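Peer 1: what follows is a predicted structure for the sequence shown.
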Amino acid sequence: MNFERRLELRPLVVTTAIGLLFATGAFAQDMRDTIVHGADEEPATLDPSQVEPGAGGEAVIFHVYDRLLTVGADSADLLPSLATEVPTRDNGLISEDGLTYTFPLREGVVFHDGTPFTADDVMYSWDRVIEMAMPEGASDILSDKIAEMRVVDDFTFEVTLNQIDASFLYSSVLPMTASIVSQDAVEANGGVAEGEPNEFLSGNPVGTGPYQLAGWNRTENLTIEVNDGYWGTPAFDNVRWEFGLDPDVRVLGLRAGEFDTVETDPSYIADLEGVEGVIVYGEGLLLEPLHIGFNLNIPEGVLPSGDTIPLDFFHDVRIRKAFNYAFDYNAFVNGALAGFGQVNPHYVPIGVFGYDPEAPIYDTQDLAEAERLFREAGVWDEGFTVSVVVESGSLFEIQCLILKDSIERLNPNFRINVAGVAEAVFDEALAQSPVEYAMWAKNGDPAADPSAYLETYAHPDGEWGEVHGFANGYADPEAVGALIDAIAQELDPATRADLIGEAQRVLYDDPMWLIGAQEGAVTAYRDTIKGMVIQPLWPRPSMNFALYDKQN
Amino acid sequence: MQLRDYIIRRLIVLPILLLGVSIIVFSLTRIAGSPVGVYLSHEMSAAEVLQIEQRFNLDKPLPVQYFYWLKGVFQGDFGWSGVASAPVADVFPAKFAATMELSITSAIVAVALGLWLGTYAGVRRNKMPDHITRIVAVSAASLPLFWFGILLLIVFWANLGWFPVGRSTNDIWESIAHPTGFYIIDSILAGSLTALLDALWHLVLPSITLGFGGVAIIARMMRSSLIEELQQDYVDAARAKGLPERLVLKRHAKRNALVPTVTVIGLTIAFLMQGAIAAEIIFRWPGLGRWMADAVVRGDQATIMTYVLFTSVLFLLANLVVDIIYAKLDPRVRLGD
């Protein structure tokens, strides 16, 4: 072929090559499937500064934003994410005094809007959370702990804490609140204002994560698509969350093949076992103990009219222990949870660092011991009536009904009124300080470090300790507080684990809750989904869709 | 009174009526307490609750709260929906279009099937087809809508997989523009047969569920009217003239039998609007009904107020239109007296 002829053919060759390129690109695009997930709850916001721990928005934030650190599928060990190393004393990224953490950051990362990621974005993201201090969010996980933040250079970020905190990386860096947002995107769309939600970021996340938001039809569905420019291992398929579905509709949808994965609780698993094309996954436990709270801080004249208990009823440890002995754990775990669950100690969930399996635990109904304690406390003959408030139609309500059955069977003079109310009413009741019920049932917020649980649910000056007046009940509240503080500040893992075991024993002798069980990490999915794995440290439903490959 | 004067008078009264309705509904929704719960999470402190109340002006006295709400309405701001996590005004149009589309197709099912069944049974009085039609009609009137819907859902969606639930196949929905929000109209405007078929396919189960109750009422009314008309002298006269039975029925008896039936059809369409709530919940239809049901359960006052305000406007205008049509059709009707 002569040169002129080759020149004539060149446009054709180039056009064909470009065409093929586009065609293969389009083909690759077409090859990408969409995983459809039947979700339990729609996000209220996608803004990390406003998202409530444990709420539906966290699952989306988890996929569209990155944080400095993460955890993988196989263990609870911290892994680098936007930071290139996990700070430890050994690698010198935690200072000798244990107060300063240095995060070397990944270079070449870009946000979904194309702007580059630098240490300024980290500083801005965390500052923003602290400054906004949104009531719905968890700004205190940063503001309570951080004394100072510094941008050392474009790719080095440093944090100094108020005091030594062994849980800092797990309780402050890992949560969705600490996600890194694009400074440029926020500043271009409303910026930062104290106590004011940013409506743009609430519905338009701009992160560096493996997915980016493709669409959100409020009350219906939300779609995220694979971020082709992701710095890490790219995700396989797009994902669509479907909202507003009753649990039984989700189960039917999975059976019908309309959903690939669903969020469900163990009580629905029996409907899915043995169904063709459906796989039931049940390994591990969620980090959300199902608990019933005892109120030791009841104001005068607020209890429901039928309640006959004195205001200091739960100040008596014998009564709190008697309730713990009376509860039918077997009925709850093997009935309501269909065997997918395990009773955990006060108040350290199984699976978090330091959990001591040797510590004593309330896991068996002991009616004789319960009777002995009730008699000793002087309430056996006279009896009592007490109400427990709970969200109606929930698993927590079943827990309350089992408690009612357990207690009322023990003595006909004992009466538990289960006040099932709508979610909004329940939330409002619990937001009262002090709470105007003697008992309530819910689950604990998930966390990755034992201190988060102990400080929130056991410390006499902690979040619930103050509201419930734990100081009125502990035999030695100062000692309990000091022990929990020591756990938070102990950097040596072995010593810290010993202290956690000690706390479990102390809280067994002086329980402030009735913990029904830790719910099993259970779900069901279509067999077309490959790579299914659940990690309780990932936001509920503990799934990471970037790891799942849909193969039709 | 002149028709024009009557219309002007009614239009002047309309805002006053709406104001009254809004005050009553606003007060009623507050009897159960503050709507702050829909914006709360379960572990908020009292100070955080106060922050939320301040954000939505819920810390102010009730009349002031009403004033803020009214001021917002005049500015096109109907409040923040806790259920949808978005401004009500942003979400409302799409939901309204979805509900109207479902109600209209259900009405078509109810009217078409009801008239056909009623006619079929009426001309075969006391014969087997009439008995069968009666059984169908009685069943349709007696079956609770939610039960019938779930039955269809289990059989045709979960087990056979013949029909989908929801309003659309996501990819197809996203492949066309939605200028009107009515999927059928949008698919026609976009010239997409795939989208049109998708829209119709998704409408089958909820429309049948919703329309089925209406079928019974319309069919029974049509049957009895037709039987009555077929016994009239003018029908005998038409037959005596040698007119074929088909024309006797179509041109004479059926046309007259339709008059009372049309009244029932009007009532049935109102019934369909109410029934849409259950149908939308069962079939995951993204309309006003499902949104409202969630809003009522969760105490989402901004959504409830907008819905009530909107339906009030709709009914008041519909009443006005009906009055005008009556006056046009029947000169004996005197407006405003």
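Peer 2: In hand now; what should we look at?

Peer 1: give the contact list for the residue nearest the centre of chain B.
Peer 2: Centroid-nearest residue in chain B: residue B:273, 2.1 Å away (criterion: Cα atoms, centre = their mean). Residue B:273 is in contact with B:99, B:103, counting by Cβ atoms under 8 Å, 6 or more residues apart in numbering or on different chains. All C-beta atoms are positioned from the backbone trio N, CA, C, and that covers glycine.

Peer 1: report the buried residues of whichever strand or helix holds residue A:125.
Peer 2: Residue A:125 is located in helix A:119-132, with elements delineated by DSSP states H and E. Within helix A:119-132, the residues that qualify as buried are A:119, A:121, A:122, A:123, A:124, A:125, A:126, A:128, A:129, A:130, A:132, counting by 16 or more other Cβ atoms under 10 Å in any protein chain shown.

Peer 1: try stretch B:130-147
Peer 2: Quick answer for stretch B:130-147 (16+ other Cβ under 10 Å): B:130, B:133, B:134, B:136, B:137, B:140, B:143, B:145.

Peer 1: quick one: least confident helix or strand in chain B?
Peer 2: helix B:254-282 (a mean of 77; mean pLDDT, DSSP states H and E).

Peer 1: ok now whichever helix or strand comes after that one, how far from the chain's centre?
Peer 2: Remark: after helix B:254-282, the chain's next helix or strand is helix B:288-298, criterion DSSP H and E. Centroid displacement of helix B:288-298 relative to its chain, using Cα atoms, centre = their mean, to the nearest Å, is 15 Å.

Peer 1: what does stretch A:531-551 give?
Peer 2: 14 Å.

Peer 1: tell me the contacts of the closest residue to residue A:395 other than its chain neighbours?
Peer 2: Once flanking residues are discounted, residue A:395 sits nearest to residue A:265: 5.7 Å by Cβ to Cβ, 6 or more residues apart in numbering or on different chains. Going by Cβ under 8 Å, 6+ apart, residue A:265 touches A:247, A:337, A:395, A:519, A:522.

Peer 1: pretty sure the fourth one contacts residue A:266?
Peer 2: Translated: residue A:519. Yes: assessed by Cβ atoms under 8 Å, residue A:519 is found in contact with residue A:266 at 6.8 Å.

Peer 1: and for these two, which residues touch both?
Peer 2: Contacts common to residue A:519 and residue A:266, judged by Cβ under 8 Å, 6+ apart, are A:337, A:340, A:341.

Peer 1: I figured residue A:51 hits residue A:59, correct?
Peer 2: No: using Cβ under 8 Å, residue A:51 and residue A:59 do not qualify as a contacting pair, with a distance of 10.0 Å.

Peer 1: overlap in contacts of those two?
Peer 2: residue A:43.

Peer 1: quick check, pLDDT for residue B:326.
Peer 2: Turning to residue B:326, the model gives it a pLDDT of 63.

Peer 1: actually, residue A:13.
Peer 2: For residue A:13, pLDDT reads 46.

Peer 1: before we move on, what about residue A:183?
Peer 2: pLDDT at residue A:183 comes out at 97.

Peer 1: likewise for residue A:393?
Peer 2: Model confidence at residue A:393 (pLDDT) stands at 85.

Peer 1: report the separation between it and chain B.
Peer 2: 10 Å (Cβ to the nearest Cβ, to the nearest Å).

Peer 1: wait, that residue sits on residue A:420?
Peer 2: Yes: using Cβ under 8 Å, residue A:393 is in contact with residue A:420, at 7.2 Å.

Peer 1: more crowded one of those two?
Peer 2: residue A:420 (18 against 13; other Cβ atoms under 10 Å in any protein chain shown).

Peer 1: please give me every residue in contact with the nearest residue to residue B:301 once chain neighbours are set aside.
Peer 2: Nearest-residue entry for residue B:301: residue B:35, 3.8 Å, with adjacent residues in sequence omitted and distances by Cβ to Cβ, 6+ apart. Applying Cβ under 8 Å, 6+ apart to residue B:35 gives the contacts A:424, B:29, B:58, B:82, B:299, B:300, B:301, B:302.

Peer 1: so who does the fourth one touch?
Peer 2: To tie it back to what came earlier, the one meant is residue B:82. With Cβ under 8 Å, 6+ apart, residue B:82 has these contacts: A:44, A:424, B:35, B:38, B:39, B:298, B:300, B:302, B:303.

Peer 1: around chain A, pick out the residues from the stretch 201-337 of chain B.
Peer 2: Residues of the stretch 201-337 of chain B that fall close to chain A, judged by Cβ under 8 Å from any Cβ of the partner chain: B:284, B:286, B:290, B:291, B:294, B:297, B:298, B:299.

Peer 1: for the fourth one, which non-adjacent residue is spatially closest?
Peer 2: If you skip the residues right next to it in sequence, residue B:291 has residue B:95 as its closest partner in space, 5.3 Å away by Cβ to Cβ, 6+ apart.

Peer 1: looking at the buried residues of stretch B:130-147, which is nearest residue A:67?
Peer 2: Taking Cβ to Cβ as the measure, residue A:67 sits nearest to residue B:145 out of the buried residues of stretch B:130-147, at 47.8 Å.

Peer 1: just checking, that closest one touches residue B:216?
Peer 2: No: the criterion here is Cβ under 8 Å, and residue B:145 misses it with residue B:216 at 11.5 Å.

Peer 1: tell me, how many residues neighbour residue 57?
Peer 2: With no chain named, the answer covers chain A. So residue A:57, with other Cβ under 10 Å, has 26 neighbours.

Peer 1: oops, wrong one, chain B.
Peer 2: The burial count for residue B:57: 14, using other Cβ under 10 Å.

Peer 1: for the one 5 residues further on, same thing?
Peer 2: For residue B:62, the number of neighbouring residues by other Cβ under 10 Å comes to 12.

Peer 1: in contact with it, which residues?
Peer 2: Here residue B:62 is in contact with B:27, B:30 (Cβ under 8 Å, 6+ apart).

Peer 1: what's the spacing between it and residue B:264?
Peer 2: To residue B:264, residue B:62 is 43 Å away according to Cβ to Cβ, to the nearest Å.

Peer 1: per-residue confidence averaged over stretch B:153-165?
Peer 2: For stretch B:153-165, the per-residue pLDDT averages 88.

Peer 1: got the end-to-end distance for that stretch?
Peer 2: End-to-end span of stretch B:153-165 (Cα to Cα, to the nearest Å): 8 Å.

Peer 1: does that stretch come close to chain A?
Peer 2: Yes: using Cβ under 8 Å from any Cβ, stretch B:153-165 reaches chain A at B:153, B:154, B:157, B:158, B:159, B:161, B:164, B:165.

Peer 1: so the fourth one sits against residue A:257, correct?
Peer 2: No: because the distance of 9.7 Å does not satisfy Cβ under 8 Å, residue B:158 is recorded as not touching residue A:257.

Peer 1: excluding its backbone neighbours, what's nearest the closest residue to chain B within the stretch 101-250 of chain A?
Peer 2: In the stretch 101-250 of chain A, the residue that lies nearest chain B is residue A:135 (3.4 Å; Cβ to the nearest Cβ). For residue A:135, ignoring the flanking residues on the chain, the nearest one in space by Cβ to Cβ, 6+ apart is residue B:48 at 3.4 Å.

Peer 1: try residue B:249
Peer 2: residue B:123 (6.4 Å).

Peer 1: re the thing from before, neighbour-wise, which of residue B:158 and residue A:257 wins?
Peer 2: The neighbour count for residue B:158 versus residue A:257, taken as other Cβ under 10 Å, is higher for residue B:158 (19 against 14).
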